[in-house]
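Colleague: below are the sequence and a predicted model; questions follow.
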Amino acid sequence: MGRKVTGLLAVCISILALVFFAGGCGYSFTVSGIQDDAPGRALFVPVVENQTAESGLGVSLADAFLEELVRTRRFRPAGPDDAEFVLEATVRAIQDEGLARRTGGDAFTRRVRLIVDARLLDSSARVVWQETGLSQYEDFVVSQTDMGLTRSARQKALMRLSERLARSVGDRIATRIDAF
């Protein structure tokens, strides 16, 4: 019985020591890797206005914009009342076209293109940066047998497009905000 108690006590002490030392190791967990105390100017990105029938695109694009701009460390996330800058954007169009075709005329590769207008406003609602007609495209494979695979491939293409558009906007804003 004495060995079981000693073994249990050793396990408990080991777990407590692990928790104690892991708590002081300098790591912190944050949502999407974004820390509230990150350097940079306070930025708010509302849901992107979506003038298309593609559901969820406004939210995923806003998330991509915020993540990219915070990643550059020029900005940090903020609420609408605390922001020094607001990035507003509108998805004007999604164009979907066939690229490569099979012998019967069915497309097996398609291209989806997003066209977005974006602008950065300062806290007094003055336009700091603006660009219309930003465009990126991504190709995806069409499954002739499974529409679910095709929808999934298109969604992945839209996610990659969101990330690329966010990088493009981030690069364009960087040149303006550094001089601001």
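Modeller: Received, thanks.
Colleague: so for the protein, the centremost residue is which one?
Modeller: Nearest to the geometric centre of the chain sits Ala64, at 2.1 Å (CA atoms, centre = their mean).
Colleague: touching, that one and Leu158? I think so.
Modeller: No - if you go by CB atoms under 8 Å, Ala64 and Leu158 don't touch, sitting 10.4 Å apart. Glycine gets a C-beta too; all of them are placed from N, C-alpha and C.
Colleague: on the three-state scheme, Pro80 is what?
Modeller: When classified by DSSP: H, G, I helix; E, B strand; the rest coil, Pro80 comes out as coil.
Colleague: surely it meets Val45?
Modeller: No - judged on CB under 8 Å, Pro80 makes no contact with Val45 at a distance of 9.9 Å.
Colleague: quick one: contacts for the residue nearest to the centre of the chain?
Modeller: By CB atoms under 8 Å, 6 or more residues apart in numbering, the contact set of Ala64 is 162-163, 165-166.
Colleague: tell me which of these fall in helices.
Modeller: Members of those lying in helices (criterion: DSSP state H): 162-163, 165-166.
Colleague: which one among those gets closest to Ser55?
Modeller: Ser162 (13.9 Å; CB to CB).
Colleague: quick revisit: Pro80 and Val45: who's more crowded?
Modeller: Using other CB atoms under 10 Å, the more surrounded residue of Pro80 and Val45 is Val45, with 27 against 9.
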